[in-house]
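*Asks:* this is a predicted model, with the sequence first.
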Amino acid sequence: MPKHGKKYKQKAAVIDADTFYEMNTALEMAKNASYVKFDESVDVAINLGVDPRHAEQMVRGAVVMPAGLGKTVRVVVFAEGEKAQEARDAGADEVGSKDLVEKIKGGWLDFDKAIATPDQMRYVGPIGRVLGPRGLMPNPKVGTVTMDVGRAVSEAKAGRVEFRVDKAGIVHCPIGRRSFEPAQLLENFVALMDNIVRQRPASAKGRYIQAITVSTTMGPGVKMDVASTEAAP
């Protein structure tokens, strides 16, 4: 178990580890439990009643956070011709084809999102071992392999987040920054939950949303009452 300092313990002492807090309360408590000077990310961990070992229960998707994520997102696009210009017009930070692939092979990874037109995947495929482990590989299932590159770039810049259930059946996802107003965190959280609920596999049995914990990057976790999220508008 990691050792925590005095400031962490002081904040954690305010949170009852055995209590499941109402949604709004949990978000505000997690935000207020921060004890560091930088503007931390606010993250949620959502335990799902799925078995990711079965392909049909692999929950994954993407959601555009209505209140954004409070950070600059650097986007690269693999495209040529008109689609390359469309990407530039939408605000892509870097656009290229085989030249961009070579740049990445050379060790350049100064970006947060990668988007590609379908025809470019024959060039992008070989660098999958570089992009994949970093969560940067374009994928049609989450809309990052697309002909609509302008929209994809705009959404990424606006705060589009991809999520995927891990081996333990948990989705980890940021919903904003500590500096956000509680209403902004709530808006983003509800958008994420709506999307995850829509992704429920038909073969998933029993309770789908089993547990939710919210925390800042360095702060203690706050357990959320799942029932309170189900009643959200």
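*Replies:* Perfect, thanks for sending it.
*Asks:* where do the strands sit along the protein?
*Replies:* Applying DSSP state E to the chain gives strands spanning 41-48, 60-64, 75-78, 94-96, 113-116, 160-164, 170-177, 209-216, 222-224.
*Asks:* what comes into contact with the second one?
*Replies:* Counting by CB atoms under 8 Å, 6 or more residues apart in numbering, strand 60-64 makes contact with 141-143, 155, 158-165, 191-192, 195-196, 198-199, all of which sit outside it. (C-beta placed from N, C-alpha, C; glycine too.)
*Asks:* state which helix of the protein is the longest.
*Replies:* The longest helix of the chain (DSSP state H) is helix 182-198.
*Asks:* any idea of the mean pLDDT for it?
*Replies:* In this model, helix 182-198 carries a mean pLDDT of 94.
*Asks:* same deal with stretch 215-223?
*Replies:* The average pLDDT for stretch 215-223 rounds to 90.
*Asks:* highest mean neighbour count across the strands of the chain, which stretch is it?
*Replies:* Of all the strands of the chain, strand 75-78 has the most neighbours on average by mean count of other CB atoms under 10 Å, namely a mean of 28.
*Asks:* so how far is it off the chain centroid?
*Replies:* 18 Å (CA atoms, centre = their mean, to the nearest Å).
*Asks:* dump the C-alpha coordinates for it into CSV.
*Replies:* Taking C-alpha atoms only, strand 75-78 is exported to CSV below (Å, rounded to 0.1, in the frame of the first residue of the first chain):
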residue,chain,number,x,y,z
VAL,A,75,-4.2,16.7,-32.3
VAL,A,76,-2.4,15.1,-35.2
VAL,A,77,-4.1,13.9,-38.4
PHE,A,78,-2.9,11.4,-41.0
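*Asks:* sheet partners, orientation included, of that strand?
*Replies:* strand 94-96 (parallel), strand 113-116 (parallel) (DSSP bridges).
*Asks:* show me what the lowest-mean-pLDDT helix or strand in the chain is packed up against.
*Replies:* Least confident helix or strand of the chain, by mean pLDDT, DSSP states H and E, is helix 6-12 with a mean of 76. If you count contacts as 3 or more CB pairs under 8 Å, 6 or more residues apart in numbering; DSSP states H and E, helix 6-12 packs onto no helix or strand.
*Asks:* mind listing what's buried in it?
*Replies:* Within helix 6-12, the residues that qualify as buried are 8, 11-12, counting by 16 or more other CB atoms under 10 Å.
*Asks:* among the strands paired with strand 75-78, which is nearest residue 50?
*Replies:* Taking CB to CB, strand 113-116 is the member of these nearest to residue 50, at 25.8 Å.
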